[in-house]
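Novice: just to be clear, the model below is a prediction. Sequence and coordinates:
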Amino acid sequence: MTSPQFSAAVDPHHQRFDVDAYTDIYVVGDVHGSRAALEALLEELDLADDDLVVFVGDLVRKGPDSPGVVDIVRDDDRLVSVRGNNEQKVVRGDKHPDWLREGDRAYFESLPIAISFGDALVVHGGVDPARPLADHTLDELLTMRAPQGDGYDGPFWYETYDGPHRVFFGHTVHERPVERRYAVGLDTGCVYGGALTAYDYRRDRFVTVDPTTTHESRSESKIVNPV
């Protein structure tokens, strides 16, 4: 599949990887500063030198060790991430967390908005099924949830999305992973007491690690059951 076509504003923030350059490829859901869960997942994945791990963004905030998560991802060339809305809040200056160190904001700003490989497109929020990618803004790709609805009341974008790219996303918390032909949702509420979930692209399966603790409470109305 050819590279996704974005608008001129978004395209510089798109990074494409050669799917044939890696033995295994994994896509990982929102970590939110949950370093212990991330370390457990990486141990479970047992990465080889030529593997690739792509995070759907929201590496930081809400959990207990955002700097630790940043360091794990930033210091390993096999680990890459798109920018999530929580990184974007720091980039814009909307949030000034007390854990923020010199260089962290610049690192968040360097994160692409979209990563693609093969038939896969990784963004934090999602896409609007009614519009081509070239008509999406940067912020829409970061925060897409229910383009024709009302937040967690839906309907959610992935319910009617039918390709052509298979979109891997986070942002919207689900009780379990979303698995559809053209959409895979990986935010299973790690920071809220849920599992941390990865998708094994080569074997078409999920890899999860059980939660170690609940770092923040969340209303049941904002945890979606993917029917």
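Specialist: Arrived safely.
Novice: give me the neighbour count for D200.
Specialist: 14 (other CB atoms under 10 Å). All C-beta atoms are positioned from the backbone trio N, CA, C, and that covers glycine.
Novice: please disregard the earlier target; I meant G118.
Specialist: So G118, with other CB under 10 Å, has 15 neighbours.
Novice: what sits closest to it if chain neighbours are left out?
Specialist: Distances taken as CB to CB, 6 or more residues apart in numbering put V19 closest to G118, at 3.7 Å, once the chain neighbours are dropped.
Novice: hang on, that neighbour packs against I25?
Specialist: Yes. V19 is within contact range of I25, at 7.0 Å (criterion: CB atoms under 8 Å).
Novice: compare those two (neighbour count), which wins?
Specialist: Ranked by neighbour count (other CB under 10 Å), V19 and I25 place I25 first, with 19 against 16.
Novice: circling back: mind checking the backbone torsions on the residue nearest to G118?
Specialist: Main-chain torsions, V19, degrees, to the nearest 10: phi -60, psi -30.
Novice: same check, this time on R218
Specialist: Dihedral angles (degrees, to the nearest 10) for R218: phi -150, psi 140.
Novice: A helix includes P12, no?
Specialist: Yes. Per DSSP: H, G, I helix; E, B strand; the rest coil, P12 lies within a helix segment.
Novice: ok, now which ones touch the residue nearest to G118?
Specialist: By CB atoms under 8 Å, 6 or more residues apart in numbering, the contact list for V19 reads I25, F117, G118, A120.
Novice: so what does the longest helix seen in the chain touch, helix or strand wise?
Specialist: With secondary structure taken from DSSP state H, the chain has its longest helix at helix 35-45. Using 3 or more CB pairs under 8 Å, 6 or more residues apart in numbering; DSSP states H and E, the elements in contact with helix 35-45 are strand 25-28, helix 66-74, strand 196-200, strand 205-209.
Novice: please convert the ones you listed to CSV, extending it with mean pLDDT.
Specialist: Output for these, formatted as CSV (pLDDT from 0 to 100):
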stretch, mean pLDDT
strand 25-28, 98
helix 66-74, 98
strand 196-200, 98
strand 205-209, 97
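Novice: let's have these in TSV, adding distance to Y107.
Specialist: Converted to TSV, these look like this (distance: least, CB to CB, whole Å):
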stretch	distance to Y107
strand 25-28	17
helix 66-74	6
strand 196-200	21
strand 205-209	25
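Novice: where does the protein have low pLDDT?
Specialist: 212 (pLDDT under 70).
Novice: now do the helices in the chain.
Specialist: 35-45, 66-74, 85-92, 104-110, 138-143.
Novice: list the buried residues in the longest one.
Specialist: When burial is assessed from 16 or more other CB atoms under 10 Å, helix 35-45 yields the following buried residues: R35, A36, A37, L38, A40, L41, L42, L45.
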